[in-house]
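I would like the atomic coordinates for the input below:
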Amino acid sequence: MRKWTHRVRYACLTVAATGLFALNGCGLSDQQLATIWQSVLSTGLNTIVTNALAAALGATA
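Predicted structure coming up:
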């Protein structure tokens, strides 16, 4: 049985690849696609950091 981290990484890769294929034929320019991906990645990273800080502060309080 695979570790859960492998399943999470596989799921992230699948979602990213699916997004690339879905957005490839949508008629958006490269700049628009780059802006969308930048927004998605920054939102995801912000969520991860916020949850990690909340968990760290909650564990010490």
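
List of residues touching the helix or strand encompassing residue 15?
Under the criterion of DSSP states H and E, residue 15 resides in helix 4-24. Residues outside helix 4-24 that contact it (Cβ atoms under 8 Å, 6 or more residues apart in numbering): 33, 36, 40. (Each C-beta comes from the backbone N, C-alpha and C, glycine too.)

Quick check: next helix or strand after it?
helix 30-60.

Which elements pack onto that next one?
Here helix 30-60 touches helix 4-24, going by 3 or more Cβ pairs under 8 Å, 6 or more residues apart in numbering; DSSP states H and E.

Can you give the distance from the helix it packs on to the centre of its chain?
9 Å (Cα atoms, centre = their mean, to the nearest Å).

export that helix as CSV, just CAs?
Extracted in CSV, the C-alpha atoms of helix 4-24 (Å, rounded to 0.1, in the frame of the first residue of the first chain):
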residue,chain,number,x,y,z
TRP,A,4,-0.7,8.9,1.9
THR,A,5,1.9,11.4,0.7
HIS,A,6,2.3,9.6,-2.6
ARG,A,7,-1.5,9.6,-3.0
VAL,A,8,-1.6,13.4,-2.3
ARG,A,9,1.3,14.1,-4.7
TYR,A,10,-0.4,12.0,-7.4
ALA,A,11,-3.7,13.8,-6.9
CYS,A,12,-2.0,17.2,-7.1
LEU,A,13,-0.2,16.2,-10.3
THR,A,14,-3.5,14.9,-11.8
VAL,A,15,-5.3,18.1,-11.0
ALA,A,16,-2.5,20.2,-12.4
ALA,A,17,-2.3,18.2,-15.6
THR,A,18,-6.1,18.2,-16.0
GLY,A,19,-6.1,22.0,-15.6
LEU,A,20,-3.5,22.4,-18.2
PHE,A,21,-5.4,20.3,-20.7
ALA,A,22,-8.7,22.0,-19.9
LEU,A,23,-7.3,25.5,-20.2
ASN,A,24,-5.2,24.7,-23.3
